[in-house]
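K.L.:
build me a structure from this.
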Amino acid sequence: MQTSSNGREYIKSNEGLTLKAKGDYGHEVIGYGHDLLLGESYSDGISIEDAEILLQADVAKVDAAMNAQHLALEFNQNQWDAIADFTFECGVGALIQLLAHGIDQIPAQLPRWVHAGGTVLLGMVARRAKDVALYNS
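P.N.:
Numbers count the residues shown, from 1 in each chain. Below is the predicted model:
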């Protein structure tokens, strides 16, 4: 499976757009939540088109991780898109931890992933609630 166009729009709406790199809890981001990689520099910022290209590449990485055979995920499209959003924000390691509780526990476990820098962030609380709603739809 792969993240749908609705799923990509969902990620974009959750991440927001920044055309200049900014700090985000210990790392730099640009575009729609693209984590700057070692050696990447966008000192002059990026265009909306560049942000779309970065998003496509980042979502492709999320899809590849979610399609890894050892995960054996069987989701409907809304479930896939919700978990792609979670993985996009929290990372593959978080996905593996989430799944360790069992697929049936995903709606109960998602709301626990709301901390950054040791603090509960209201934006993450709202995002996880949206992820659960999409997952259950």
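K.L.:
and the residue most central in space within the chain, how far from residue 28?
P.N.:
The residue lying closest to the centre of the chain (CA atoms, centre = their mean) is residue 88, at 2.0 Å. Per CB to CB, to the nearest Å, residue 88 is found 16 Å from residue 28. C-betas here are computed from N, CA, C, even on glycine.
K.L.:
same thing with residue 132?
P.N.:
From residue 132 across to residue 28, the span is 29 Å (CB to CB).
K.L.:
which one's more surrounded, these two?
P.N.:
The neighbour count for residue 132 versus residue 28, taken as other CB atoms under 10 Å, is higher for residue 132 (18 against 15).
K.L.:
contacts for the strand or helix carrying that one?
P.N.:
For residue 132, the host element (DSSP states H and E) is helix 122-136. With CB atoms under 8 Å, 6 or more residues apart in numbering as the test, helix 122-136 has contacts from 10, 14, 78-79, 81-83, 85-86, 89, 106-107, 110-111, 113-116.
K.L.:
average pLDDT for stretch 121-130, rounded please.
P.N.:
When pLDDT is averaged over stretch 121-130, the result is 96.
K.L.:
residue 49 and residue 19, how far apart?
P.N.:
Residue 49 is 11 Å from residue 19, by CB to CB.
K.L.:
show me which of those two is the more surrounded one.
P.N.:
Per other CB under 10 Å, whichever of residue 49 and residue 19 has more neighbours is residue 19, with 15 against 8.
K.L.:
three-state assignment of that one?
P.N.:
When classified by DSSP: H, G, I helix; E, B strand; the rest coil, residue 19 comes out as strand.
K.L.:
contacting residues around it?
P.N.:
Contacts of residue 19 (CB under 8 Å, 6+ apart): 30, 31, 45, 46, 47, 48, 51.
K.L.:
strands - which of these land there?
P.N.:
Members of these lying in strands (criterion: DSSP state E): 30, 31.
K.L.:
select only the buried ones of the contacts of residue 19 in ChimeraX?
P.N.:
If you want just the buried ones from the contacts of residue 19 in ChimeraX, going by 16 or more other CB atoms under 10 Å, the selection is:
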select :30,31,46,51
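K.L.:
can you list contacts of the least confident helix or strand in the chain by mean pLDDT?
P.N.:
Lowest mean confidence among the helices and strands of the chain (mean pLDDT, DSSP states H and E): strand 115-116, at a mean of 90. Identification of contacts with strand 115-116 by CB under 8 Å, 6+ apart yields 25, 121, 124.
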